[in-house]
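[1] Please find the sequence and the predicted model below.
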Amino acid sequence: MKRILFMAAFTAALIGCNKEEGPGGTSILTGNVSVADHENGDHEVTEVYFTPGLEIEHGEYWILNTPEGYTQFYIYYDNPDWVSPADPGLEGRTGLAVSFQYSDSNIEIAMATEEALLAGAGDHFDILRSGDILTITNTKAGYTPDADNVTTPFELNTDQQGQASNIGAFAPAVDEKVYIQYGDKTVYGDVVRTGGSGEYEFTNLTKGNYTVYAISKDTTAIDATVLVEMDVEIADNKSTVTVPEIEILR
């Protein structure tokens, strides 16, 4: 009798050690995260030193550039006492007219140029004036050909060369947090960390729609982050679904 009771107790203990199904279900989401270093691009900064109106000829101009894909400009000087057109009409560029008199001081020429730039290209440049000097900063980062004084007597200096951003090679993201959301992305679930090869998995899931995401550097703003999301569906119980690879920047 004692032997029978012992065997019954031993069997019950074995059953109690069996892993039970989790509260969510029996399916798994698995995937990998890779990461690359990102270096922000530089904004071109140009300094322009102006001369008095007496040193400027009607129709003289200089060119100001932006990164490829954006509007390029030329700035020309129009003395209203002349009847001939001042605009050189450079193809592929937007012209900005600056009205001037030969009696204008170098500061007045700088002020008139600043007004023309703000009116016609204010979305492309941040402008700071100090006396007869304009410091013009491109609002877009990226490689930018240097400004050129062309026919004007102004002195132009590239204070900072525009450069494009750079993304390094992607490698497995180790010990990176990965998050999961359920259904319509209003319910937050678990968070796990990646292993040595960037791998992760979420277990005990039921059939349904999920969003898996990691946090990445936002390349469009300073000190900002963005979510890199992957939407996935579990259609069957006791299934393993592979999430598309998540690539993040840091």
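    Thanks, I have it. Numbers count the residues shown, from 1 in each chain.
[2] List the contacts of Tyr179.
    Taking Cβ atoms under 8 Å, 6 or more residues apart in numbering, we find Tyr179 in contact with 188-191, 212-214. Every C-beta, even on glycine, is put in place using the N, C-alpha and C of the backbone.
[3] Any buried residues in stretch 234-242, and which?
    234, 241 (16 or more other Cβ atoms under 10 Å).
[4] what's in contact with it?
    Counting by Cβ under 8 Å, 6+ apart, 25-31, 205-208, 210, 232-233 sit against stretch 234-242.
[5] Could you work out the end-to-end span of that stretch for me?
    10 Å (Cα to Cα, to the nearest Å).
[6] What is the neighbour count of Phe202?
    Per other Cβ atoms under 10 Å, the neighbour tally for Phe202 reads 22.
[7] quick one: the residue nearest to it when sequence neighbours are not counted from Glu114, how far?
    Distances taken as Cβ to Cβ, 6 or more residues apart in numbering put Leu29 closest to Phe202, at 4.5 Å, once the chain neighbours are dropped. Using Cβ to Cβ, to the nearest Å, Leu29 is found at 57 Å from Glu114.
[8] Neighbour count for the two, which is higher?
    More neighbours surround Leu29 than the other of Leu29 and Glu114, with 22 against 18 (other Cβ under 10 Å).
[9] returning to that earlier point: neighbour-wise, which one of the contacts of Tyr179 leads?
    Among the contacts of Tyr179, the one with the most neighbours (other Cβ under 10 Å) is Val212, at 24 neighbours.
[10] Report the beta-bridge partners for that one.
    Applying DSSP bridges to Val212 gives these bridge partners: Ile180, Met230.
[11] my guess is Glu176 meets Val35, correct?
    Yes - using Cβ atoms under 8 Å, Glu176 is in contact with Val35, at 6.8 Å.
[12] Can you check which residues contact both of those two?
    Listed as contacting both Glu176 and Val35 by Cβ under 8 Å, 6+ apart are 198, 248.
[13] returning to what we had before: among the contacts of Tyr179, which lie within helices?
    Assigned to helices by DSSP state H, none of the contacts of Tyr179 qualify.
[14] Save the residues you listed as TSV, and put in pLDDT too.
    Formatted as TSV, the contacts of Tyr179 follow (pLDDT from 0 to 100):
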residue	pLDDT
Tyr188	75
Gly189	80
Asp190	91
Val191	96
Val212	96
Tyr213	97
Ala214	98
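[15] Just name the closest of the residues you listed to Thr46, please.
    Proximity of those to Thr46 (Cβ to Cβ) peaks at Ala214, which lies at 39.0 Å.
[16] Just put the contacts of stretch 234-242 in a markdown table and tack on distance to Leu156 and pLDDT.
    Output for the contacts of stretch 234-242, formatted as a markdown table (distance: Cβ to Cβ, whole Å; pLDDT from 0 to 100):
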| residue | distance to Leu156 | pLDDT |
| --- | --- | --- |
| Gly25 | 67 | 86 |
| Thr26 | 69 | 92 |
| Ser27 | 64 | 96 |
| Ile28 | 62 | 97 |
| Leu29 | 57 | 97 |
| Thr30 | 57 | 98 |
| Gly31 | 52 | 98 |
| Leu205 | 62 | 94 |
| Thr206 | 66 | 93 |
| Lys207 | 65 | 93 |
| Gly208 | 62 | 92 |
| Tyr210 | 56 | 94 |
| Val232 | 54 | 95 |
| Glu233 | 58 | 95 |
